[in-house]
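Asker: Here you go, sequence then predicted model.
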Amino acid sequence: ILAAYLSNDRKYINDLLQGGFHLKKAREYFRDPTITKDDYSKYVSAKAISFRVAYTAELLSAAAPIQAEIYAESGIHIELDRIEYALKTWEEYIDYMAYRDSCLRQVEETKTITNARGITYHFDDTEDFRLLAGFNNTALAYAIASELALFMYDIVISLKKQLQKDNVWNRYVYGVNSVHDASYHIVHKDLMKDNYFPSICKYYFTDKCRCVTGDALGMEMSVGERWKGKEEVFHGETVWNFQTKTWDWKK
């Protein structure tokens, strides 16, 4: 979703806000409108392809590596022509493709890539084509992943301050870890009453904290009875409400 907002591709953004984006792409990739999330191999493969688009410079040239990575991760074999077709479907997002090209041009012309916050990453001066190919992939990844990391940092710090203000931090809520696209906490069961913890998380994730473009992003939240437990106490995913212009829990 950050790629959509950073490129300001309105079609891409609208497709995401409609919900079920990965399912939409799975149906496109496999040319099958009946695919559901229960079609495990196709749905999982579609997500894998879509995620790699954001960080891969030469899309069609990446078909074979993507095929190998999907097989290594899940044991699912996808034909190369299918992956190539899937990658070509992204050409419909014209502004997003132009954004990708602008990132690659910056690397070629200045040997740097600057993210939307103005933070610049510098590459070495080299003529080694292997390193240059890596620079291109890094450029696309940096532009998106650096913003995601900073966005997550803003969320976890803001959330911590609120929990400290509510006098529950390190008493009823303990921070465990924060990574690239997720944060983890240990929460006392009483904080799940009246949806206190889900509500406060949703507020900071989808309203109070905004990405660099000023847009609010959605979230998915899962609370288990224990670490890595399979029994979920709470699970929620937000969907965009086009009437109220807010992210609401999916019903």
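Answerer: Received it, and whenever you're ready, just let me know what you need.
Asker: how many neighbours does Y5 have?
Answerer: Counted with other Cβ atoms under 10 Å, residues neighbouring Y5 total 22. Every residue, glycine included, has its C-beta placed from N, CA and C.
Asker: Is it correct that it is in contact with I13?
Answerer: Yes. If you go by Cβ atoms under 8 Å, Y5 and I13 touch, sitting 6.5 Å apart.
Asker: who touches the residue lying closest to A116 once chain neighbours are set aside in this structure?
Answerer: Nearest residue to A116, sequence neighbours excluded (Cβ to Cβ, 6 or more residues apart in numbering): V212, at 4.4 Å. Neighbour list for V212: L6, N115, A116, R117, E147, L150, F151 [criterion: Cβ atoms under 8 Å, 6 or more residues apart in numbering].
Asker: same question, T120
Answerer: By Cβ under 8 Å, 6+ apart, T120 lies in contact with T112, I113, T114.
Asker: what's the average pLDDT for the longest helix seen in the chain?
Answerer: In the chain, with assignment by DSSP state H, the single longest helix is helix 129-165. For helix 129-165, mean pLDDT rounds to 93.
Asker: Ok, stretch 227-236 next?
Answerer: 85.
Asker: Also stretch 196-204?
Answerer: 96.
Asker: Could I get the buried residue list for the longest helix of the chain?
Answerer: The neighbour-count check on helix 129-165 (16 or more other Cβ atoms under 10 Å) flags 132, 135-148, 150-152, 154-156, 159-160, 162-163 as buried.
Asker: I'd like the contacts of T120 laid out as JSON lines, including pLDDT, neighbour count and secondary structure.
Answerer: JSON lines is the format used below for those (pLDDT from 0 to 100; neighbours: other Cβ atoms under 10 Å; DSSP: H, G, I helix; E, B strand; the rest coil):
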{"residue": "T112", "pLDDT": "95", "neighbour count": "13", "secondary structure": "strand"}
{"residue": "I113", "pLDDT": "95", "neighbour count": "23", "secondary structure": "strand"}
{"residue": "T114", "pLDDT": "96", "neighbour count": "17", "secondary structure": "strand"}
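Asker: And those residues, which is closest to K24?
Answerer: Set against K24, the nearest of those by Cβ to Cβ is I113 (29.4 Å).
Asker: list the contacts for I144?
Answerer: Counting by Cβ under 8 Å, 6+ apart, I144 makes contact with L2, A3, L6, A54, Y55.
Asker: of all the residues you listed, which two lie farthest apart?
Answerer: The span of the contacts of I144, defined through Cβ to Cβ, is set by L6 and Y55 at 13.2 Å.
Asker: Of those two, which one has the most company?
Answerer: Using other Cβ under 10 Å as the criterion, L6 and Y55 rank with L6 on top: 20 against 17.
Asker: Am I right that W240 is in a strand?
Answerer: Yes. Under DSSP: H, G, I helix; E, B strand; the rest coil, W240 falls within a strand.
Asker: is it true that it touches G19?
Answerer: Yes. With contact defined as Cβ under 8 Å, W240 counts as touching G19 (7.1 Å).
Asker: These two: which is more packed in?
Answerer: W240 (18 against 14).
Asker: Could I get the pLDDT score of the spatially closest residue to that one that is not a sequence neighbour?
Answerer: Closest residue to W240 apart from its sequence neighbours, by Cβ to Cβ, 6+ apart: L17 at 4.0 Å. Here, the pLDDT recorded for L17 equals 94.
Asker: quick one: secondary structure of G236?
Answerer: G236 ends up strand, using three-state DSSP.
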